[in-house]
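Asker: Whatever this is, show me its structure:
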Amino acid sequence: MMTNTPLILWLRRDLRVLDSPMLDAAARTGRPLIPVFILDPETESLGAAPKWRLGLGIAAFAKTLEGLGARLILRRGPALDVLQALIKETGADAVWWHRLYDPDAVARDKKVKAALKEQGLAPRSFGGHLLFEPWEVETGTGGFYRVYTPFWKAVRGRDVAAPLPAPKDLIAPKDWPESEDLADWQMGAAMRRGAEIVARHIHVGEAKALARLDRFIEDRIADYADARDLPAVDGTSGLSENLTYGEIGPRTVWAAGSRALHEGAAGAETFLKELVWREFAYHLMHHTPQITHANWKPEWDDFPWKDDNKTAEIWRRGLTGEPFVDAAMREMYVTGRMHNRARMIAASYLTKHLMTHWKIGLHWFADCLVDWDPAANAMGWQWAAGSGPDAAPFFRIFNPATQVEKFDPKAEYRHRFIAELARKPGRDALSYFDAVPKSWALDPGRPYPKPLVDLAEGRKIALAAYADRNS
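Answerer: Just a heads-up that it's a prediction; the model follows:
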């Protein structure tokens, strides 16, 4: 039944119009639509870099909506309070949103849905952040998957719906509710002087995300299987930044990768596997939400990891004396991202050679990464530490010295980000010193530090601790 009663669309990590199940369904109703973004306590708690980057995404999406005849209303406060106020102001009788899956979002959304239903309203949630809902993929016995490879085999042949088209226009309400000013939210306050540096390396908004995908499919997917492991090579899609804010939908990425596979692109299947790795992280977070804050394997609770300490601070500052680790940490401060191979090395070094708890690294990444993702970050850290699902054997301890020679044989990655190792430091290497807090008092003219720990000795200590745990 057609109605002129407004419908509130609660935007979160879905800042796009192409393949937006909620937006598509809402446009088809013919009702006036009121898109709203709420800066609630859950969003306020984001780390410095992801919160800043989210703010940029909100601004870009607001312009996209304007092109469709709509506006993005901005409100600050607890989600339920804001939504109830908007319902009262506008006469809306329904609130729709796309589902999120981290424990805090799930708890918030359940509270909102229950309260709105109790008031006789019509809340409705949609998929769209993932290819498959986490509860839709089951083992033969009806349980969930704990290892990636069987998960991949279970989903690789499944049909994935084609991306939905973007609506051509959206019906506006008779009167728009008042909106707050995005600038007043100061989403980038915690970034301080680092924002100007990182801004050079990001790709904000749906249009840039789609262009990024097109370039990758055209120029790089054929070599992806090998190039993705080389941090000095621009061999990945870079879409993790856009996927985390929903500036591009996973079905759009899957469709492009599948076409490339059908056309014979050598690296296409590996690329699709990486997209499903993201799905696997969400699958685990749904079924075992403790993965975000506690050892996935509880038998690791008594492992003798250290809490935050001086060596962890040296690791954070990229001054360990291990070029692969330090280049990785500095890349993150300069670009807001870190190459996946480098992430594994940096995480292994912290949790094994420095015997520091994975939570220390998890929280640092959550503060510094513009492509921070709650599921991928948690699974990645626990995988590297050995405490998580699908983890490497406890005796697999990456040697950053041998790894850097294997994956950065010409020292291009090291020299790009470590000024002290380059004869003529480039812009990115020097930018690190402009981005870090002045209180660190770092100077590119100082000698590169000696290794913080002896790698062989660090490995020996870690193996002894792992052996004790397994005895």
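
Asker: Moving C-terminal from the helix or strand containing K208, which element do we reach first?
Answerer: Counting by DSSP states H and E, the element that carries K208 is helix 206-219. Next in sequence after helix 206-219, counting helices and strands by DSSP H and E, comes helix 224-227.

Asker: Report the buried residues of the lowest-mean-pLDDT helix or strand in the chain.
Answerer: When the helices and strands of the chain are scored by mean pLDDT, DSSP states H and E, helix 455-470 comes last with a mean of 84. Of the residues in helix 455-470, L455, G458, R459, I461, A462, A465, Y466 count as buried by neighbour count, 16 or more other CB atoms under 10 Å. All C-beta spots, glycine's among them, are computed from the backbone N, C-alpha and C.

Asker: If you count neighbours, what's buried in the helix holding K208?
Answerer: E206, K208, A209, L210, R212, L213, F216, I217.

Asker: before we move on, what about stretch 106-115?
Answerer: Within stretch 106-115, the residues that count as buried by 16+ other CB under 10 Å are R108, D109, V112, K113.

Asker: Those: which two are farthest apart?
Answerer: R108 and K113 (9.7 Å; CB to CB).

Asker: how about low-confidence regions in this structure?
Answerer: Applying pLDDT under 70 to the chain flags the ranges 1-2, 390-395, 469-471.

Asker: now the strands for it?
Answerer: Counting by DSSP state E, the chain has strands at residues 7-11, 33-39, 73-76, 94-98, 122-126.

Asker: re earlier: packing partners for the helix holding K208?
Answerer: helix 48-67, helix 240-244, helix 250-262 (3 or more CB pairs under 8 Å, 6 or more residues apart in numbering; DSSP states H and E).

Asker: mind saving the C-alpha coords of the first one as PDB?
Answerer: Put plainly, it is helix 48-67. Output of helix 48-67 as PDB, limited to C-alpha atoms (Å, rounded to 0.1, in the frame of the first residue of the first chain):
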ATOM      1  CA  ALA A  48      41.600   8.100  15.500                       C
ATOM      2  CA  ALA A  49      42.200   7.000  11.900                       C
ATOM      3  CA  PRO A  50      39.000   5.100  11.200                       C
ATOM      4  CA  LYS A  51      36.900   7.800  12.800                       C
ATOM      5  CA  TRP A  52      38.500  10.500  10.700                       C
ATOM      6  CA  ARG A  53      38.200   8.400   7.500                       C
ATOM      7  CA  LEU A  54      34.500   7.700   8.300                       C
ATOM      8  CA  GLY A  55      33.900  11.500   8.600                       C
ATOM      9  CA  LEU A  56      35.300  11.900   5.100                       C
ATOM     10  CA  GLY A  57      33.100   9.100   3.800                       C
ATOM     11  CA  ILE A  58      30.000  10.700   5.300                       C
ATOM     12  CA  ALA A  59      30.800  14.000   3.600                       C
ATOM     13  CA  ALA A  60      31.200  12.300   0.300                       C
ATOM     14  CA  PHE A  61      28.000  10.300   0.600                       C
ATOM     15  CA  ALA A  62      26.000  13.300   1.600                       C
ATOM     16  CA  LYS A  63      26.900  14.900  -1.800                       C
ATOM     17  CA  THR A  64      25.900  11.700  -3.600                       C
ATOM     18  CA  LEU A  65      22.500  11.800  -1.900                       C
ATOM     19  CA  GLU A  66      22.100  15.400  -2.900                       C
ATOM     20  CA  GLY A  67      22.500  14.300  -6.500                       C
END
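
Asker: Need the residues that contact that helix.
Answerer: 11, 15-17, 35, 37, 43-44, 46, 71-72, 74, 170, 182, 185, 187-188, 190-191, 194-195, 198, 202, 204-206, 241, 244-245, 247, 336, 366-370, 372 (CB atoms under 8 Å, 6 or more residues apart in numbering).

Asker: rerun that using 6 Å as the cut-off
Answerer: Here helix 48-67 makes contact (CB atoms under 6 Å, 6 or more residues apart in numbering) with 15, 35, 37, 72, 182, 187-188, 190-191, 195, 204-205, 245, 336, 367-370, 372.

Asker: Quick one: buried ones out of the residues you listed?
Answerer: Buried by 16+ other CB under 10 Å: 15, 35, 37, 72, 182, 187-188, 191, 195, 204-205, 245, 336, 367-370, 372, out of the contacts of helix 48-67.

Asker: how close does the closest residue to E420 other than its chain neighbours sit to D326?
Answerer: Spatially, and ignoring its direct neighbours in sequence, E420 is nearest to Y448 (3.7 Å; CB to CB, 6 or more residues apart in numbering). Counting by CB to CB, to the nearest Å, the separation of Y448 from D326 is 8 Å.

Asker: Tell me which of the two has more neighbours.
Answerer: D326 (28 against 12; other CB atoms under 10 Å).

Asker: In this structure that one contacts R316, no?
Answerer: No - counting by CB atoms under 6 Å, D326 sits too far from R316 to count as a contact (10.7 Å).

Asker: my guess is W254 contacts A161, does it?
Answerer: No - in this structure, W254 is not within contact of A161 by CB under 6 Å, at 9.6 Å.

Asker: Please say which of these two ends up with more neighbours.
Answerer: W254 (20 against 12).

Asker: For the more buried one, give me its contacts.
Answerer: Applying CB under 6 Å, 6+ apart, the residues near W254 are L131, V160.

Asker: returning to what we had before: who does the least confident helix or strand of the chain touch, helix- and strand-wise?
Answerer: For helix 455-470, not one helix or strand is in contact under the criterion 3 or more CB pairs under 6 Å, 6 or more residues apart in numbering; DSSP states H and E.

Asker: Contacts made by it with the rest, please.
Answerer: So helix 455-470 is contacted by F303, P304, K352, H353, F394, I397, N399, A401 (CB under 6 Å, 6+ apart).

Asker: same check, this time on stretch 323-336
Answerer: 49, 197-198, 201, 318, 320, 338, 342, 345-346, 349, 368, 370, 400, 403-404, 413-414, 417-418, 428, 431-432, 435.

Asker: nearest residue to A122 other than its sequence neighbours?
Answerer: A94 (3.9 Å).

Asker: isn't the one you found right up against P6?
Answerer: No - using CB under 6 Å, A94 is not in contact with P6, being 8.7 Å away.

Asker: Same drill for those two, tell me which one is more crowded.
Answerer: P6 (25 against 19).
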